[in-house]
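> I need the structure of the sequence given here:
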Amino acid sequence: MVTQIYTPYVTPYTKPPLGKPLNPVGPKLDEQPAPQQFGSDSFEQQQPSKGLVTVTEQTRRQKIQIGSILKDFNSTLDALGADETVREEVNTYLKTVEVQAQKTSPSIPYINQTLKTAADSMDGFITNALGQKSKVVRDWVDALLLQDIDYQGISKSEDQSNTPVTETTAQVSSSPTPEAAPSTSDELSVTDADNTEQSEEQPQPNNLKVSLNREEKQILKTAIDSAQGSIQEQDYASAIETLTNVLPSLDGKDRPDLEGKVHHMLGRIYDQANRPDDALSHFDSARQAFEASGQSKKLSHVLYATATVHDEQGQLDDAVGFYRQSLALDESLGNKAGMARTLNDVGNVQLRQGTHTDSIQSFLQATLVLPQDEPLSPVDQGFLADVYRNLASAYQDQGQYPQALESYQAALSNVRGAKDKVGYRQVLENIADLYEAAGQPDQAEKALSRLRQVS
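You can find the predicted model right below:
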């Protein structure tokens, strides 16, 4: 049993608010860093650590070296008696941190997230051993990251081999170690079929792609997890930096699906950051990757995202072209919700182009795509209400007032089903405007009277 694991002392600290401004959001595409080098042995020469207790001493110094933190992790693994499965998993994360720390400008959010993930793995082992939830290693890391850390503090030259190693405060008994739970399947769909380590490979032809090894796959997964965390905190600059740093690791690898995922994420971030050229460049790379890997559903998503960027930039012909490519894929996949959404967007672009007849046809198709013989969810009814309002607007612009009124009435029915009071008032206002345009002020006043009753 674990006799005691002491949480290290840290000085008080006020955590800064999350989120960073969008501009500048990160490097341009032509400013990508050099490819990562896997498997460096630099931190193997770092001073032996004293386990978690080392941090108590180091917090009194000006900076905590990242190399010492890596040693702390390894010493704690020894003290816990972790099995090979846990060691391999945690050491993969630590090697990822080491690679980042050797760069001229390490990605600090990437390193921090990787250390947290390694801590969670160790806590999982402790939880299995104790039979109760453990957060001791994660709490240590969270406290540690509030300190002043030298993220490039890995020494290659110092001869520290004679430094004694003191006993760590993290101890376990000599009772049998429980069998480690199998590692969870990762969301990147990286299978174990290509896990063979490439230690002493025969020379490969330049045009022959090789598989990702286990370490490279874990580095990629950690980077994506870190980027997603940065996005949730609206730290788009860090997310861009993290994802851009891992792209070189996919060069020459036979994983276009993963390459497409990274480019797709970068495109979406750049779009949010109002950098349309960078967004379109990454979406185009994602499109090529998903085409190569035969991922039709993801390809449809990228085509739709590309269309929306062109739409926002007023490049309407391009927008319609990409919307229609996405629509064709959704139709082949039976994705009716995607078809309805895209048809509605096409109709709106056509309205802006002044092709009202085409837009009316697109809106009508959108209303017919969703199931007609079964109840719709409130979300679907809210969407249909928007489509009918768009259809009514197109009819009204053409002077087809009876058809416009019929469409507004359909919109009213759907906002009732969606229990959308705001939408209900908006449609009543639209109906009043329609009657005014049609020269029927009495009917317009009746619509306004109903509006006052529900306001």
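
> List of residues touching stretch 371-391?
Stretch 371-391 is touched from outside by 336-337, 340-341, 344, 347-348, 351, 359-360, 363-364, 366-367, 370, 407-408, 410-412, 414-415, 417-420, 423, 426-427, 430, with contacts defined as C-beta atoms under 8 Å, 6 or more residues apart in numbering. Any C-beta I mention is one placed from the backbone N, CA and C, and that applies to glycine too.

> buried residues in that stretch?
376, 380-391 (16 or more other C-beta atoms under 10 Å).

> how about those in JSON lines, adding distance to Lys95 and secondary structure?
Below are these laid out as JSON lines (distance: C-beta to C-beta, whole Å; DSSP: H, G, I helix; E, B strand; the rest coil):
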{"residue": "Leu376", "distance to Lys95": "51", "secondary structure": "coil"}
{"residue": "Asp380", "distance to Lys95": "48", "secondary structure": "helix"}
{"residue": "Gln381", "distance to Lys95": "52", "secondary structure": "helix"}
{"residue": "Gly382", "distance to Lys95": "49", "secondary structure": "helix"}
{"residue": "Phe383", "distance to Lys95": "47", "secondary structure": "helix"}
{"residue": "Leu384", "distance to Lys95": "52", "secondary structure": "helix"}
{"residue": "Ala385", "distance to Lys95": "54", "secondary structure": "helix"}
{"residue": "Asp386", "distance to Lys95": "50", "secondary structure": "helix"}
{"residue": "Val387", "distance to Lys95": "52", "secondary structure": "helix"}
{"residue": "Tyr388", "distance to Lys95": "57", "secondary structure": "helix"}
{"residue": "Arg389", "distance to Lys95": "56", "secondary structure": "helix"}
{"residue": "Asn390", "distance to Lys95": "54", "secondary structure": "helix"}
{"residue": "Leu391", "distance to Lys95": "58", "secondary structure": "helix"}
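
> Point out where the stretch 151-300 of the chain drops to low pLDDT.
155-210 (pLDDT under 70).

> whoops, the stretch 351-455 of the chain was the one
In the stretch 351-455 of the chain, residues with pLDDT under 70: 455.

> can you give me the strands for the protein?
With strands called from DSSP state E, the chain shows them at 64-65, 149-150.

> just checking, what packs against the last one?
Put plainly, it is strand 149-150. Where contact means 3 or more C-beta pairs under 8 Å, 6 or more residues apart in numbering; DSSP states H and E, strand 149-150 is packed against strand 64-65, helix 66-80.

> With the first one instead?
Identification of packing neighbours for strand 64-65 by 3+ C-beta pairs under 8 Å, 6+ apart yields helix 54-58, strand 149-150.

> which of the ones you listed has the lowest average pLDDT?
Among the helices and strands packed on strand 64-65, helix 54-58 carries the lowest mean pLDDT, at a mean of 45.

> filter the contacts of stretch 371-391 to the buried ones?
340-341, 344, 347-348, 351, 359-360, 363-364, 366-367, 370, 407-408, 410-412, 414-415, 417-418, 420, 423, 426-427, 430.
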